[in-house]
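> generate coordinates for the sequence data below:
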Amino acid sequence: MIQQSYQDWAGKLAQTQFPRWKELPTLGLYIDQVVTIVNDQLLAIGVEPLTKSMVNNYVKKKVIQAPVKKKYAVNQLVDLLLIGLFKTSFSIEEIRAGIAEVTVAAYPQKAYDQFVELLNAKLAGRALQPLADYQPSQQLELYAIDAVLTQLKATHLLRELHRQQSAAQVK
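Next comes the predicted model:
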């Protein structure tokens, strides 16, 4: 039963695809819209959602750029997708440093799309080139993706084991 439940979840995970830059809304978005878009992606892979308060705190602490006239641009949406994805495994400072490192060599749109390509391949369970074939910034991305996905898988399996144990105790 645990194995089947876990396999069902892993199957859903494998079908999840993060959007590329051009697939994200380009018009200014209000915070409610931003949180909805980000959380749709995060919840699809089992990551805790962001709240409006969290987003406001990220703005206050200058983790992301402030909205212009209360509207968020696509680059802020991307930052929040990345923060939401990685916040369970890395500190905000580490996430910002990672984003800065990856965008040193590529414009944010290109860097994000390359990241999404790797993430979507990992989510789908597709085979990738040997790690040594990637640039150091892409190796960093792959290690970070693996850290998050491993943690998500372990957390999900632990919940299933706990659920089974609780059900057995009730009987």
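
> tell me the contacts of the closest residue to residue 26 other than its chain neighbours?
Excluding the flanking residues, the one nearest residue 26 by C-beta to C-beta, 6 or more residues apart in numbering is residue 74, at 5.6 Å. (Glycine included, C-beta is placed from N, CA and C.) For residue 74, the contacting residues are 21, 24, 25, 26, by C-beta atoms under 8 Å, 6 or more residues apart in numbering.

> switch to 10 Å and redo it
Listed by C-beta atoms under 10 Å, 6 or more residues apart in numbering, the contact set of residue 74 reads 21, 22, 24, 25, 26, 27, 28, 29, 108, 109, 112.

> residue 86 now?
47, 92, 94, 95, 98, 99, 144, 145, 147, 148 are the contacts of residue 86 under C-beta under 10 Å, 6+ apart.

> mark which of those residues are buried, thanks.
Among these, the ones that count as buried by 16 or more other C-beta atoms under 10 Å are 47, 95, 98, 99, 144, 145, 148.

> in this structure residue 54 contacts residue 87, no?
Yes - between residue 54 and residue 87 there is a contact under C-beta atoms under 10 Å: 8.7 Å.

> centroid residue for this protein?
residue 85 (2.5 Å; C-alpha atoms, centre = their mean).

> low pLDDT regions in the protein?
Within the chain, the stretches with pLDDT under 70 are 1-2, 171.

> who are the packing partners of the lengthiest helix in it?
Ordering each helix of the chain by length in residues (DSSP state H) puts helix 136-170 first. Counting contacts by 3 or more C-beta pairs under 10 Å, 6 or more residues apart in numbering; DSSP states H and E, helix 136-170 is packed against helix 2-15, helix 74-86, helix 92-103, helix 108-124.
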